[in-house]
Each structure stands twice: as structure tokens, then as C-alpha cells.
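Engineer: Quick one: sequence and predicted model below, then my questions.
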Protein chains: 2
Amino acid sequence: MKCRRCQIPAVIKLPRHNTAFCRDCFEDYLHNQVLKAISANKMFKKDEAILVAVSGGKDSLALWHILNKLGYQTVGLYLNLGIGSYSELSQERTETFAKGRGLELIVQNYRKTYGLGIVEIAKESARPPCSACGTMKRHHFNRIAMEKGFSVVATGHNLDDEASRLFGNLLNWQRPYLEKQSPTLSDNGGKWARKVKPLYRLPEREMAAYAILNRIDYILEECPKSKGAKMFVYKEALNKLEIASPGRKLAFYLGFLKEKAQLFPSRIEENPNTCGECGQPCQDETCGYCRLVARVKTKVMS
Amino acid sequence: MKCRRCQIPAVIKLPRHNTAFCRDCFEDYLHNQVLKAISANKMFKKDEAILVAVSGGKDSLALWHILNKLGYQTVGLYLNLGIGSYSELSQERTETFAKGRGLELIVQNYRKTYGLGIVEIAKESARPPCSACGTMKRHHFNRIAMEKGFSVVATGHNLDDEASRLFGNLLNWQRPYLEKQSPTLSDNGGKWARKVKPLYRLPEREMAAYAILNRIDYILEECPKSKGAKMFVYKEALNKLEIASPGRKLAFYLGFLKEKAQLFPSRIEENPNTCGECGQPCQDETCGYCRLVARVKTKVMS
């Protein structure tokens, strides 16, 4: 198997592009996919500082690596959720990554802030772990971005994440989620940071290959609380379809983006109010995060 | 395992309804699903004669059996496509079924009509077999219904057929097909027969159980030309999701029907013209069927 571009031995085969690449050409191809995603969705400008949300996994560390290599100004943000050894190891991997490249990393530790990890927070607030975790993360991403003056937060969601989320939203005909799903989430009229997903064109398999080829030492384990999540069933189904018809996964997601404006138009000013507690934009008088924290405090203190 | 309704030993477990039924209660349940489909989609009235398109497979023969048992006036229509022993056996099964119940059956034989089977017709018209077959079938369903005075043609499409077709249409964002997909297809303002799918609430597994319990001797083989069809990949993916989350398949399809009017509205007067050759409603001056047949004639005669 030879590299399609330069004819030296290839390191990876890409059935969806009916091609194969050597290490350098694969890196070049992958970087171009990221640049394409950034420009097609007006994610950020060259001089904009980017807060990169990192978990210690392959996708977010590779994203940070890529943005840094492409010359963007980046700072990492790691949230230690307090899930035992999983959190310890993922923080260690993230810190080692940042130190090795001389990059700035902001760390927020839930146990230090709340005296509880996310599992206990979810339990006390009677919410499923992934749902409570999403609410908490969104709050801290926004808060830290605003406090430190970042207009944009980048996350490592890859094509498999986005296509399987889309698949789940369609299977359940979740119109509000379909309206919100996008590679660039609104900054709510400048009231908070834009969320962007520069890896949405790249499948998990290619991101793993990239991380390995670039010797990024990432945590292999998925979050232990995500076991049995529906998302894995959706991912598996899409992977089977991808094998039967290479390229289908990206075509499915890009097709959605093309049809979205007409079928599932985004509501621009989706959070018209400001939370009376934390000041972040929200739907009601108090935001979901502040309600969740208030509930946990009542339960823990009672 | 006992029947949920009458406590005698059950013959079938239905995880999607979290229940199990004996033979009689299963039949009762299944008939009710068909009646629900008929009334919710205004498929036909009690006194309307129905042309039932039968292939010799479990779904269409079971549909004919059910409609007959429920007291509807039915006539069967079998198209012999001329695919060797598959067509011979399926015609034999269909004729035996009709004879045993004293039901009228109309048979149309492609080799007698055209001198060619569907495989050769597809080849000569440079069309994929399933595509040419669909065009041909639609024409004959309409023609025979109109000639014999039927206002409605019923087909045996089950939930797996409809959900997997929906899945494929969404994966490929086929807006025109999504607009057309429905349990009741328009009669084009009375210009041709309504097409209805009374089994759309019932999965393949339940239809197979029904056919076996009712000793319907059907042809087990799928059409040999459908091997490798994408539809099987979609069906397999949906079956995995159904196992992980019983009831998902029907919820997916019903959710679509609920959202359809807003997201993918049907165009009522979809075929404004009349074919100059055969007189059936069509988009252009000559319909797809007549163009196909003309092409085959030119090729075969040249």
C-alpha cells in the first residue's frame, strides 16, 4: 500500500476517500479537514485566542495539538470531575501534554469547588450523570471563557460524535435538539462564548491514528459513567453502514447541515434572559446550573 | 411464559410491548394493529373492494389472509416477474393460498407479456433491477386496478420495510422520497388507485410468527436480485437498536408520521399530466414505464 500523493509506503488507508497516505500526507490531509471546518463555519479568526476544552482523551488533546501546530493562540481548560482514578489519570495525561509543549492549562476541580464529584452531584440533584455533567460543563466553559476574555471555546467532538448524536436525535425526532445541533453554536448575541467543533469532519478512527502517529499520550478509557449509553449503539450502527458504504457517515452529517436551515432552523436568540444568580444567559430567571447547585446544597446541608 | 391477557401458555413474547400472548390473543392483537393502521390513515372503507398485491412471501399473503378474515372484499394480484425457479415457486405458493380459501387471483406474467423477465428488461433498459421492477410494478398495479375498477391497492410492507426505508431516506437526505413516504399514498385526485400499507405497525418478526401460526405456506427466499441491497444493512442496524431499546423502531416511524406534515409535506397533485402512451398520470408527456418499455423494444428489436 503506497501513499496516493507521494508514492512512499502508506501508514493509513482511508476507504471513505478511496485513498491511502504516508505519515506526512495524512497529517496534511487531516489539518486541511480541520481548516475546512473552521472556515466553512466561521469558527474563529487567526488572531482570536481559543479556549480548548480538554478531557485527556485522544480527540481533545489532538485538537489542541493541531490548533497549536496551525499557529492559533490556545489555552487548555481541564475540568476534574472527581471520578476516582479515571479523573486522576486523565488530569495527569492532560498536564503532561501541556507541560511538554509549554502550553497554558486552566484546571477546575469539582471536589475542591463543591466538596463532591460529578457522580455525587448528579445523585443529589436526582439527575442522570451525563445530563448533570453537561449542565455543569456548559456553565464552567462559559464562565471561565468570559472571566478570562475568550470569545470562543473549542471542543474535540469528532464526526462519530456528531453523526451519532444526529442519528439519535432523528430516531427520537427531537426537534429542539436538531435545531441546536451545529458545528458552531451561537454566542447568544455576544453574551457568551461561541462553541465550536473543529473536528466534525473527522471520524474517530482517523483521530486515533493521528494521536498515535503524533505520540500523544492520551487516556484510552471512556468515562466510566458513560457505560451502556445509547450513543454507543448509534455509533456501532453507523459504523456498520460506513463499512457497507464508505463515506456515508460524513455525507449523512453534511447532508443534515445543508438541509438544516430549512428543516430545523436555529433560533438565534435562544436565551433571552440573564440568570439572577450567576449572570449567564438563560431561558428563565435562574439557569439550570444554579438550580442544580442549589438543589445539591439543600440536600447535602439538610 | 403466560399470556398476559388470559393466563394460558403464551406462544410469543413481545418485548416492545413488554408482554406475551397465546395464539388467539396474539391474533387479536395483530388484527387490531391492522385495524388501527386502516382507520388512522383512512386507507379504505368496509365496503370498498381491495386489490391485494401478493408476492408469495409471508407479509403479502398474511395481509390477504387478515383482510379476508376481517371481512373485506379482496382480490389478489400476482406479477410473475420471470426470475426462474423463484418466480415459479412464489406463483405456486400464491395460487395454492388463493385456491385453498376460494379467493380470486389475477396473474400477470412478464415473459408472456414482454417475452422477457424483469432481469432482462432491467438489463436492456440499463436500469438497476430493483429500480426497473418498481417502475413496472407501479404501472401494473395502477393499470389493473383501474381496468378492474379497484380504487385501492394494498401492499404487504411491514414496519421493518417502512422504518428501514425511512432510515435510508434520512441517511441520504432524500427530500422527495421523504415527502412521498406514507402509509397511504395519494390517488392523485382520483386519477388512479390509492396505495395503502396496512402492516406498517407490525415488524417482520411478528408477521413471520403470524404466518406460521396461521399455517400460511409462503416462499421463504427473498428475491434473488435483492441480494446485497442497502435495505438489509438498514434493517440490521434498526434491529440492533430495537434490541437495545424495544419499541424504538415503531416510535421512530410514528414520530416521522407526526412530524411529516410540517417537515416533509406531501405534494398532493404530484403528477399533473397524463401519459400520451398508456394514459396513466405522470410528470412529463410520457411516463417512466412507457419510456422503459420503448427502450427495451428498441434494444431487443435492433
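Structural biologist: On my side now, so go ahead. Numbers count the residues shown, from 1 in each chain, chains lettered A, B, ... in the order given.
Engineer: Low-confidence ranges, chain A, go.
Structural biologist: A:267-270, A:301-302 (pLDDT under 70).
Engineer: and it, which of its residues are near chain B?
Structural biologist: When proximity is defined by Cβ under 8 Å from any Cβ of the partner chain, chain A lies next to chain B at A:170-173, A:175, A:230, A:233-234, A:236-238, A:240-241, A:244-245, A:248, A:251-252, A:255-256, A:258-259, A:263. Every C-beta, even on glycine, is put in place using the N, C-alpha and C of the backbone.
Engineer: Tell me which stretches of the stretch 101-250 of chain A form strands.
Structural biologist: A:105-109, A:152-154, A:184-185, A:194-196 (DSSP state E, counting those that start in this stretch).
Engineer: quick revisit: now the residues of chain A next to chain B: which count as buried?
Structural biologist: Using 16 or more other Cβ atoms under 10 Å in any protein chain shown as the burial test, the residues of chain A next to chain B include A:170-173, A:230, A:233-234, A:237-238, A:240-241, A:245, A:248, A:251-252, A:255-256, A:263 as buried.
Engineer: Which other helices and strands does the longest helix along chain A contact?
Structural biologist: In chain A, assigned by DSSP state H, the helix with the most residues is helix A:129-148. Packing contacts for helix A:129-148, counted by 3 or more Cβ pairs under 8 Å, 6 or more residues apart in numbering or on different chains; DSSP states H and E, involve strand A:50-54, strand A:74-80, strand A:105-109, helix A:118-124, strand A:152-154, helix A:288-301.
Engineer: which residues sit against it?
Structural biologist: For helix A:129-148, contacts defined as Cβ atoms under 8 Å, 6 or more residues apart in numbering or on different chains pick out A:51, A:53, A:75, A:77, A:79, A:81, A:106, A:108, A:110, A:118-119, A:121-122, A:125, A:127, A:150-153, A:192-193, A:195, A:225-226, A:229, A:278, A:280, A:287-289, A:292.
Engineer: Just the buried residues out of those, in PyMOL syntax.
Structural biologist: A single PyMOL command is used to select the members of the contacts of helix A:129-148 judged buried by 16+ other Cβ under 10 Å:
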select buried, chain A and resi 51+53+75+77+79+81+106+110+118+119+121+122+125+127+150+151+152+153+192+193+195+225+229+280+287+288+289+292
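Engineer: can you pull the buried residues of stretch A:7-18?
Structural biologist: Applying 16+ other Cβ under 10 Å to stretch A:7-18 flags A:Ala10, A:Val11, A:Ile12, A:Leu14, A:Arg16 as buried.
Engineer: Over to stretch A:278-297?
Structural biologist: For stretch A:278-297, a neighbour-count test (16+ other Cβ under 10 Å) marks A:Gln280, A:Pro281, A:Cys282, A:Cys287, A:Gly288, A:Tyr289, A:Cys290, A:Arg291, A:Leu292, A:Val293, A:Val296 as buried.
Engineer: do the same with stretch A:201-213
Structural biologist: A:Arg201, A:Leu202, A:Pro203, A:Glu204, A:Arg205, A:Glu206, A:Met207, A:Ala208, A:Ala209, A:Tyr210, A:Ala211, A:Leu213.
Engineer: so the fourth one makes contact with A:Asp160?
Structural biologist: Yes. At 4.3 Å, A:Glu204 and A:Asp160 qualify as touching, with contact defined as Cβ atoms under 8 Å.
Engineer: Determine which two of the buried residues of stretch A:278-297 are furthest apart.
Structural biologist: A:Pro281 and A:Val296 (22.1 Å; Cβ to Cβ).
Engineer: got the helices and strands packed on helix A:129-148 as a markdown table, with distance to A:Ser39 columns?
Structural biologist: A markdown table is the format used below for those (distance: least, Cβ to Cβ, whole Å):
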| stretch | distance to A:Ser39 |
| --- | --- |
| strand A:50-54 | 15 |
| strand A:74-80 | 18 |
| strand A:105-109 | 27 |
| helix A:118-124 | 35 |
| strand A:152-154 | 14 |
| helix A:288-301 | 32 |
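Engineer: What sits closest to A:Ala244 if chain neighbours are left out?
Structural biologist: Leaving aside its sequence neighbours, A:Ala244 sits nearest to B:Val233 (Cβ to Cβ, 6 or more residues apart in numbering or on different chains; 4.6 Å).
Engineer: shouldn't the one you found be in contact with A:Leu238?
Structural biologist: No. Contact criterion Cβ under 8 Å: B:Val233 and A:Leu238 do not qualify, at 11.0 Å.
Engineer: so who does A:Ser277 touch?
Structural biologist: To be clear, residue A:277 is Glu; Ser isn't right here. For A:Glu277, the contact set (Cβ under 8 Å, 6+ apart) comprises A:Thr286, A:Cys287, A:Cys290, A:Ala294.
Engineer: farthest pair in those?
Structural biologist: For the contacts of A:Glu277, the farthest-apart pair by Cβ to Cβ is A:Cys287 and A:Ala294; their separation is 10.6 Å.
Engineer: just to revisit the earlier point, and the buried residues of stretch A:201-213, which is closest to chain B?
Structural biologist: A:Pro203 (15.5 Å; Cβ to the nearest Cβ).
Engineer: do you know how far the residue lying closest to the closest one once chain neighbours are set aside is from A:Asn239?
Structural biologist: Counting by Cβ to Cβ, 6+ apart, the nearest residue to A:Pro203 once its immediate chain neighbours are dropped is A:Leu159, at 4.6 Å. Separation of A:Leu159 from A:Asn239 (Cβ to Cβ, to the nearest Å) stands at 11 Å.
Engineer: who touches both of those two?
Structural biologist: Joint contacts of A:Leu159 and A:Asn239 (Cβ under 8 Å, 6+ apart) are A:Lys249.
Engineer: So between those two, which is more surrounded?
Structural biologist: A:Leu159 (27 against 18; other Cβ atoms under 10 Å in any protein chain shown).
Engineer: So that one sits against A:Leu199, correct?
Structural biologist: Yes. Assessed by Cβ under 8 Å, A:Leu159 is found in contact with A:Leu199 at 7.4 Å.
Engineer: Report the buried residues of stretch A:214-232.
Structural biologist: A:Ile216, A:Tyr218, A:Ile219, A:Cys223, A:Lys225, A:Ala229, A:Lys230, A:Met231.
Engineer: Quick check: the two most widely separated of the residues you listed?
Structural biologist: A:Ile216 and A:Lys230 (28.4 Å).
Engineer: So A:Lys13 belongs to a strand, correct?
Structural biologist: Yes. Using DSSP: H, G, I helix; E, B strand; the rest coil, the assignment for A:Lys13 is a strand.
Engineer: Distance check, it against A:Phe252.
Structural biologist: According to Cβ to Cβ, A:Lys13 and A:Phe252 sit 21 Å apart.
Engineer: all helices of chain A, in order?
Structural biologist: Here chain A has its helices, by DSSP H, at A:23-40, A:58-69, A:84-101, A:110-114, A:118-124, A:129-148, A:159-171, A:175-180, A:204-213, A:230-244, A:248-263, A:288-301.
Engineer: of all those helices, which lies closest to B:Asn188?
Structural biologist: In terms of Cβ to Cβ, the element of these nearest to B:Asn188 is helix A:248-263, at 25.9 Å.
Engineer: Output the contacting helices and strands for that closest one.
Structural biologist: When contacts are defined as 3+ Cβ pairs under 8 Å, 6+ apart, helix A:248-263 packs onto helix A:159-171, helix A:230-244, helix B:159-171.
Engineer: Which single residue in the stretch 1-150 of chain A comes nearest to chain B?
Structural biologist: Closest point on the stretch 1-150 of chain A to chain B, by Cβ to the nearest Cβ, is A:Arg16, at 14.5 Å.
Engineer: Spit out the contact partners of that residue.
Structural biologist: A:Pro203, A:Glu242, A:Pro246, A:Gly247, A:Lys249, A:Leu250.
Engineer: The second one reaches A:Phe252, doesn't it?
Structural biologist: No. The pair A:Glu242 and A:Phe252 fails to qualify as a contact (Cβ under 8 Å) at a distance of 9.4 Å.
Engineer: Give me the common contacts of the two.
Structural biologist: Counting by Cβ under 8 Å, 6+ apart, nothing touches both A:Glu242 and A:Phe252.
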